[in-house]
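A.B. asks: sharing a model prediction with you, sequence too.
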Amino acid sequence: MQKKIWEIIAVLIQYVIEEGEIGDERMWKASLNLQGYSPKDVNAAIAWIKNVMIDKGAVIMDKSMRVFASFEKARFSNEAQGFLLKLKEMGFIDSKLQEEIIERALILDIPQIKKDDI
């Protein structure tokens with residue numbers, strides 16, 4: 001996917017996490033178009049989010065709980081840990097992708113991994 005579509009998806013995911021739903025699609029389209037995103041990219045991002053939410057039932061079956069090791073807890077802020085758990089809980093990522101995100105974040109040359117780093 002293109003970088004712009006991922007940017008839009010990130011905005012939409014953050015909203016869904018905070019509000020629990022995607023909200024008014026027309027409002028999103030208008031707002032994102034005003035921010036300079038093309039209607040094609042906006043539609044692609046919204047379609048992706050809807051697809052994930054529809055397919056969420058398949059992800060929900062993965063009820064495993066990720067426990068952070070002590071060295072991971074030292075590197076990840078509480079907010080970053082919570083954000084990862086919420087993404088998984090809401091079905092945006094599965095266990096495999098969660099592990100990949102954690103591994104890649106640990107490679108970063110920063111002392112504390114914050115939510116924005118994820």
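C.D. replies: Yep, that arrived.

A.B. asks: lowest average confidence, helix or strand, in this protein?
C.D. replies: For the chain, using mean pLDDT, DSSP states H and E, the weakest element among its helices and strands is helix 56-60, scoring a mean of 46.

A.B. asks: helices and strands around the following helix or strand past it, which ones?
C.D. replies: Helices and strands here follow DSSP states H and E; after helix 56-60, the next one along the chain is helix 70-75. On a contact count with 3 or more Cβ pairs under 8 Å, 6 or more residues apart in numbering; DSSP states H and E, helix 70-75 meets helix 95-107. Where you see a C-beta, it was placed from the backbone N, CA and C, and this is true even at glycine.

A.B. asks: which stretches of the chain aren't confidently modelled?
C.D. replies: Within the chain, the segments meeting pLDDT under 70 span 1, 20-22, 53-64.

A.B. asks: in a strand, residue 92, correct?
C.D. replies: No. Secondary structure of residue 92 (DSSP: H, G, I helix; E, B strand; the rest coil): coil, not part of a strand.

A.B. asks: around it, count how many other residues there are.
C.D. replies: The burial count assigned to residue 92 is 19, neighbours taken as other Cβ atoms under 10 Å.

A.B. asks: give the contact list for it.
C.D. replies: By Cβ atoms under 8 Å, 6 or more residues apart in numbering, the residues touching residue 92 are 13, 52.
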